[in-house]
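S.K.: Here is my input, please return the structure:
(2 chains)
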Amino acid sequence: KAGVTQTPRYLIKTRGQQVTLSCSPISGHRSVSWYQQTPGQGLQFLFEYFSETQRNKGNFPGRFSGRQFSNSRSEMNVSTLELGDSALYLCASILTGTDEQFFGPGTRLTVL
Amino acid sequence: AQSVSQHNHHVILSEAASLELGCNYSYGGTVNLFWYVQYPGQHLQLLLKYFSGDPLVKGIKGFEAEFIKSKFSFNLRKPSVQWSDTAEYFCAVPGDSGGGADGLTFGKGTHLIIQP
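M.R.: Residues are numbered from 1 along each chain as shown, chains lettered A, B, ... in the order given. The predicted structure is shown next:
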């Protein structure tokens, strides 16, 4: 069974730009969650999607948004990038009906 | 809201030493608990999990953890560490909604270095 895939793996953007990250969950999983990982704040929950619906969102500004498609693939978007958005963005595929999450390799975003 | 506390941020051990990493969580009800590991350059992997039943759970690579409800703790242990155990270790607890809806709350992580 293929794992969680995230594209791109690395991104370099400048302040003010926007970025879209993509995540494909494990086949059969209908739920994905997104996390931001930084050295200072650690791993922080961004949002979670189940069957194309956002069920919950972490404490992040509205510049952070996401969506999920009918095939369970998910995207997250960050608009008006700030230097502090530099981080590793992780997507997790959730085993349906449980809290068990399987993580992808992440997208390393650098904002200059 | 849930919170998770990991007591040791940096741990340095020699090979064959015993390991115990502390984890405390805030929620007092029914709880699922996880330990994840992030090896250098690799993605987060599930080390072990506790959902219910036997409070002593065994994971991959010889790791185990004990759930002590009265102490709100879920400490990770390994009797004899190897150089390849060098990694970042995270304790995590899900939110109240269940089914992954609230995501996982992670501790700050413990950076473990094993010296040969």
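S.K.: Residue A:13 contacts residue A:109, doesn't it?
M.R.: Yes - using CB atoms under 8 Å, residue A:13 is in contact with residue A:109, at 6.9 Å. Backbone N, C-alpha and C define where each C-beta goes, glycine included.
S.K.: More neighbours: these two, which one.
M.R.: More neighbours surround residue A:109 than the other of residue A:13 and residue A:109, with 20 against 16 (other CB atoms under 10 Å in any protein chain shown).
S.K.: Dig out what the residue nearest to the spatial centre of chain B forms beta bridges with.
M.R.: Central residue of chain B (CA atoms, centre = their mean): residue B:35, 3.2 Å from the mean position. Judged by DSSP bridges, the bridge partners of residue B:35 are residue B:48, residue B:91.
S.K.: Quick check: the residue of chain A nearest chain B.
M.R.: For chain A and chain B, the shortest gap (CB to the nearest CB) falls at residue A:45, measuring 3.4 Å.
S.K.: quick one: residue A:35 is in a strand?
M.R.: Yes - per DSSP: H, G, I helix; E, B strand; the rest coil, residue A:35 lies within a strand segment.
S.K.: Check the spacing between the spatially most central residue of chain A and residue B:17 real quick.
M.R.: The centroid of chain A falls nearest to residue A:34 when counting by CA atoms, centre = their mean (3.5 Å). Distance of residue A:34 to residue B:17, given as CB to CB, to the nearest Å: 37 Å.
S.K.: before we move on, the earlier item: any idea how far residue B:66 is from the residue nearest to the centre of chain B?
M.R.: Residue B:35 sits 11 Å away from residue B:66, going by CB to CB.
S.K.: hmm, back to that, name the residues contacting each of residue A:13 and residue A:109.
M.R.: Overlap of the contact sets of residue A:13 and residue A:109 (by CB atoms under 8 Å, 6 or more residues apart in numbering or on different chains) consists of residue A:19.
S.K.: Can you show me the helices along chain B?
M.R.: Remark: no helices are assigned in chain B by DSSP state H.
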